[in-house]
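J.: Below: sequence and its predicted model.
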Amino acid sequence: MQLETIRGEIERMRAQVSRQRKEILQLQRAGIPTVSAEALLQRMLDSIDALCIERDRLKKETPRAKDTGSRRTEAFQASPLPGGGKV
């Protein structure tokens, strides 16, 4: 899997976890047993953990572009002050 795909999947699954937690609260308020829903939630959390590990591994393997300097310095050099920079 590619890094961006994994990031998207993590984000999607986190939203699902949030919905699952809300559903568990509703079931608890109604007095309905939540054992199976909590087991599903744990499997979802385990899947997210595995995806995070994979994402971190891919981040380490991805070559980074060399930093050529700060953007601020580049912007300053690209747009000199009016009047030749004399104040």
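T.: That came in fine, so what should we check first?
J.: Pass me the low-pLDDT residue ranges in this structure, would you?
T.: Confidence mapping of the chain against pLDDT under 70 gives the ranges 66-87.
J.: what's the closest non-adjacent residue to Cys52?
T.: Nearest residue to Cys52 in three dimensions, chain neighbours excluded: Ile10, at 6.4 Å (Cβ to Cβ, 6 or more residues apart in numbering). To be clear about C-beta, it is placed using only N, CA and C from the backbone, and glycine gets the same treatment.
J.: Work out for me the element that neighbour sits within.
T.: Assigned by DSSP states H and E, Ile10 falls within helix 3-29.
J.: And whichever helix or strand comes after that helix, what's buried?
T.: As assigned by DSSP H and E, the chain's next helix or strand after helix 3-29 is helix 35-61. Buried residues in helix 35-61, counting neighbours by 16 or more other Cβ atoms under 10 Å, are found at 37, 40-41, 44, 48, 51, 55, 58.
J.: And stretch 18-28, by the same measure?
T.: Buried, per 16+ other Cβ under 10 Å, within stretch 18-28: 20, 24.
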